[in-house]
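K.L.:
Sequence first, then the predicted structure, then my questions.
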Amino acid sequence: MNTPVRCRQAVILLCNKDAVLHTQLLNLHINELIRQGFEDIILLTSQAELPQCISTRRCTIILAEGQVDSDALRNAAGFLNDQFLLVHGDCFFDFNYRALEAVQRHTEGIMVTMALKAGMGRSRFSYASVLDGKVTGLIDTDNPIHRSSHIGTGVYFCDRAILTRVPESAGSFERGTVTALVAAGTVACVVGEGCFVAEPALTREQYEVITQRPALFLDRDGTINCDQGYTHKVEDMKLIDGALELIRTYCDRGWHVFVVTNQSGIARGYFGFDAVERFHDALRNACVDAGGFIHDFEVSPYHESGCLEPYAVANHRTRKPNPGMLLDLMEKWSVIKADSLMVGDKNIDVLAAEAAGIRGLLFDSHDLMQFAVANGLFESQTS
C-alpha cells in the first residue's frame, strides 16, 4: 500500500506582543499535537523566558522577540518543512487537525486550510465566508451585519510556499497572510464543533472536556486490515472496507482511537518489532490520507508456543482475551470508560473488552463503517 507520508511538523505561534503565556494552555497544545502524531514541534515565541514546567523539552524554541506573526514565520523559514500545521498558542480549538491535511492533499491549488468553529462566538479571529469548502472572505468579528456562521480559531494547515507569497511586514498571520491568500482563492476550510477556548485562561470545565475522551479500541488483523496470517509486510496491507472512514469519524467526534493487537509472530520468530513498527507507520499514513489518525498502538508479542525469550509466556496479561493492553492505554490516557467500546473480529476481542469493563462488539461484516451504523454506534454515543 503506497500513501503519502504524513506531516509531522507543527508550529505554535506566540508572537503577539500582547499575548499572555499560560502554562496549562501551552502544555495542552503540546500534548494534543503529540497525540495527533506531530513529533516535530516548533515554538515560535516572543517570550525570552519560558516557565520551567512547560514541556519545552519536546519543542524546538525559536525566539522572535519584537516580530509580528508573518515576519517571524518568514525568518523561521529555514526550520520549516514543505508542509506544517500552525496553531496560535494563546487560544485552543479541540479539533481533528488531520482533517485539514487531507483537504490540502486532495484539493488542487490550496495553500492554507483553516479550522473553523461552527456558529458565532467570542474570538479575536475573523468570521469566514465559505462557499463549496473554500474561504471567500474574512469579516471582522466586531461587524454585526456581515457575520457568517463560522469563526476562525487560529488553526491552519500550511504549505511552506506561502512564505514567498506575502509581502514583508504583512502584520498578523490572519489579517496579513491569510487575507492575501483568500483573495487569491487558495484557502480552504474544515468546520468543527469542538470546544473553542478563545481566552488564554482555561476553566476547569473546558480542561476536562478537552482532556477526557471516550475511546474506540480496534483489533488490527481482520478488523482494520485483512488477516492473511501473521501479516507484517507493508506490501501485504489490504484495508477492510470502511475502516478508514470509521477511524476518521471517531477522530472528528473527538474520541481516542487505539489499536490493540496480538502479534505472536514475534514470539515465534517470524518477524520482529521493527516490521510491526513499519506496518503501523504505513497504517498511520493511510489514516492521515483519509483525514483521521490512530492515537496509540498496543502490541502483545507473547505466546506460550514462542521460541524467543522473553516472549514465550503463557496467558500473558496483555494477550487478548486478557485486558492488559486496554487497561494500559486507559492508564496512559484520560479515557471516559463508561462510553468507550472495543470492536474486533474474534471472541477474544469481546472478552478482553468485557474484562476491561467496556462494551465489546464482534465484527462479522465486510465493511466496518456499515457495521458501526447497523449497530447504532452513532445514535446513542456522546461525542
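P.N.:
Cool, got the structure.
K.L.:
these two touch, right, C251 and F95?
P.N.:
No. At 9.7 Å, C251 and F95 do not qualify as touching, with contact defined as C-beta atoms under 8 Å. Glycine gets a C-beta too; all of them are placed from N, C-alpha and C.
K.L.:
Could you check how far the closest residue to G292 other than its chain neighbours is from R359?
P.N.:
Distances taken as C-beta to C-beta, 6 or more residues apart in numbering place R248 nearest to G292, at 3.5 Å, with adjacent residues excluded. R248 is 21 Å from R359, where distance means C-beta to C-beta, to the nearest Å.
K.L.:
what about these two, which has more around it?
P.N.:
More crowded of R248 and R359, by other C-beta atoms under 10 Å: R248, with 22 against 15.
K.L.:
Check which helix or strand that one maps to.
P.N.:
Using DSSP states H and E, R248 maps to helix 243-252.
K.L.:
Would you mind writing the CA trace of that helix as PDB?
P.N.:
The C-alpha trace of helix 243-252 is given here as PDB (Å, rounded to 0.1, in the frame of the first residue of the first chain):
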ATOM      1  CA  ALA A 243     -12.100   1.100   8.200                       C
ATOM      2  CA  LEU A 244     -10.500   4.500   7.400                       C
ATOM      3  CA  GLU A 245     -13.900   6.100   7.300                       C
ATOM      4  CA  LEU A 246     -14.800   4.800  10.700                       C
ATOM      5  CA  ILE A 247     -11.400   6.000  12.200                       C
ATOM      6  CA  ARG A 248     -11.900   9.400  10.600                       C
ATOM      7  CA  THR A 249     -15.400   9.700  12.000                       C
ATOM      8  CA  TYR A 250     -14.300   8.900  15.600                       C
ATOM      9  CA  CYS A 251     -11.400  11.400  15.300                       C
ATOM     10  CA  ASP A 252     -13.900  14.100  14.100                       C
END
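K.L.:
what packs against that helix?
P.N.:
For helix 243-252, the elements it packs on are helix 97-106, strand 256-262, helix 273-289, helix 368-374, judged by 3 or more C-beta pairs under 8 Å, 6 or more residues apart in numbering; DSSP states H and E.
K.L.:
Okay, now the unreliable bits of the stretch 151-300 of the chain?
P.N.:
For the stretch 151-300 of the chain, applying pLDDT under 70 flags the ranges 166-171.
K.L.:
try 50 this time
P.N.:
Within the stretch 151-300 of the chain, not a single segment meets pLDDT under 50.
K.L.:
Correct me if wrong, but L28 is in a helix.
P.N.:
Yes. According to DSSP: H, G, I helix; E, B strand; the rest coil, L28 belongs to a helix.
K.L.:
burial count for the closest residue to it other than its chain neighbours?
P.N.:
Counting by C-beta to C-beta, 6+ apart, L28 lies nearest to F92, which is 6.0 Å off, once chain neighbours are set aside. F92 sits with 28 neighbouring residues when counted by other C-beta under 10 Å.
K.L.:
Against T211, how distant is F92?
P.N.:
Relative to T211, F92 is positioned 11 Å away (C-beta to C-beta).
K.L.:
What of D71?
P.N.:
Relative to T211, and taking C-beta to C-beta, D71 is found at 34 Å.
K.L.:
So between the two, which is more surrounded?
P.N.:
D71 (18 against 14).
K.L.:
Check which element follows the helix or strand hosting that one along the chain.
P.N.:
Using DSSP H and E, D71 maps to helix 69-75. Per DSSP H and E, the first helix or strand lying C-terminal to helix 69-75 is strand 83-88.
K.L.:
so that next one versus helix 97-106, what angle?
P.N.:
On the basis of axes from the mean of the first three to the mean of the last three C-alpha atoms, to 10 degrees, strand 83-88 is oriented at 140 degrees to helix 97-106.
K.L.:
Show me which strand runs longest in the chain.
P.N.:
strand 150-159 (DSSP state E).
K.L.:
So in that sheet, which strands flank that one, and in what orientation?
P.N.:
Strand 150-159 pairs in its sheet with strand 83-88 (antiparallel), strand 112-118 (antiparallel), strand 127-131 (antiparallel), by DSSP bridges.
K.L.:
who wins for proximity to A372 among those?
P.N.:
Judged by C-beta to C-beta, the one of those that comes nearest to A372 is strand 112-118, at 23.2 Å.
K.L.:
is V155 in a bridge, and if so with what?
P.N.:
Under the criterion used (DSSP bridges), V155 bridges to V87.
K.L.:
so who does it touch?
P.N.:
L85, L86, V87, H88, F93, F95, Y97, L100, M114, A115 (C-beta atoms under 8 Å, 6 or more residues apart in numbering).
K.L.:
my read is V191 is in a strand, agree?
P.N.:
Yes. With three-state DSSP as the criterion, V191 is assigned to a strand.
K.L.:
just checking, it touches T153?
P.N.:
No. Using C-beta under 8 Å, V191 makes no contact with T153, being 10.0 Å away.
K.L.:
can I see the domain layout of this protein?
P.N.:
9-210, 212-374 (automatic domain parsing).
K.L.:
Quick one, which of the ones you listed gets closest to N2.
P.N.:
domain 212-374 (8.8 Å).
K.L.:
The closest one spans what distance, first to last residue?
P.N.:
Length of domain 212-374, first residue to last, C-alpha to C-alpha, to the nearest Å: 27 Å.
K.L.:
repeat for stretch 159-177
P.N.:
In stretch 159-177, first residue to last residue: 12 Å (C-alpha to C-alpha).
K.L.:
Give the rounded mean pLDDT of the helix holding D71.
P.N.:
Helix 69-75 carries an average pLDDT of 81.
K.L.:
packing partners for it?
P.N.:
With contacts taken as 3+ C-beta pairs under 8 Å, 6+ apart, helix 69-75 sits against strand 9-14.
K.L.:
10 Å instead?
P.N.:
Under the contact criterion of 3 or more C-beta pairs under 10 Å, 6 or more residues apart in numbering; DSSP states H and E, helix 69-75 touches strand 9-14, strand 40-45, strand 59-63, strand 83-88.
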